[in-house]
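In: Based on what follows, work out the 3D shape:
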Amino acid sequence: MSETPESYRLLIADVYELAGLSRRTSEALARTAGQTTARWHVLSVVSDGPRTVSSAARRLGLARQSVQRVVDGLVADGDLELRANPDHARAPLVAISPSGAAVLAELVRRSDADRSALLGRAGVSAAELDAARAVVRRLLSALGAADRRPTS
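Out: Next up is the predicted model:
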């Protein structure tokens, strides 16, 4: 397989552009539900089980302090709950509450409808998305391995 740095650069530029446009449509969808994308992302990342703010921040690729501010607002609104962490007394676990799960379900419903329409307009199949994702995952894996190599 030949290396093609220019093709990689073009792919990354397209991924950034897609991410930016997708983020803007997500922001608009979140606003219609009285939310922000930051709140949506935090609800989503804790929806599969309780985790610490630090863990949520790592998963989202954000600073712990910015995620903490969002978590604080979601807790105040009753969409997240803090639970005791048996592994670390000073780092509670953040869990989604029933009202937070309902908010997330509504956001996902709206997003799925919007994304289905987009994929229809683009004529993109699930198989094509899976193939594109496989390439992106391989690149992520290679970048992660390179990032973990010791430097001299």
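In: tell me the SS of Asp48?
Out: Secondary structure, DSSP: H, G, I helix; E, B strand; the rest coil: Asp48 is coil.
In: What distance do you get for it to Ala146?
Out: Distance of Asp48 to Ala146, computed by CB to CB, to the nearest Å: 28 Å. Every C-beta, even on glycine, is put in place using the N, C-alpha and C of the backbone.
In: Likewise for Ala76?
Out: Distance of Ala76 to Ala146, given as CB to CB: 41 Å.
In: got it, and Gln65?
Out: 28 Å.
In: repeat for Ala101
Out: Using CB to CB, we find Ala101 at a distance of 38 Å from Ala146.
In: Show me which of the two is the more surrounded one.
Out: Shown here are Ala101 and Ala146; by other CB atoms under 10 Å, Ala101 has more neighbours (13 against 8).
In: and the lengthiest helix in the chain, what does it pack onto?
Out: Counting residues, the longest helix found in the chain (DSSP state H) is helix 5-32. In terms of contacts (3 or more CB pairs under 8 Å, 6 or more residues apart in numbering; DSSP states H and E), helix 5-32 is packed against helix 37-46, helix 98-122.
In: go again using 10 Å as the cut-off
Out: helix 37-46, helix 98-122, helix 126-148 (3 or more CB pairs under 10 Å, 6 or more residues apart in numbering; DSSP states H and E).
In: Check the contact between Asp72 and Asp79; I expect there is one.
Out: No - using CB atoms under 10 Å, Asp72 is not in contact with Asp79; the gap is 11.3 Å.
In: Having no further points to raise, I will conclude here.
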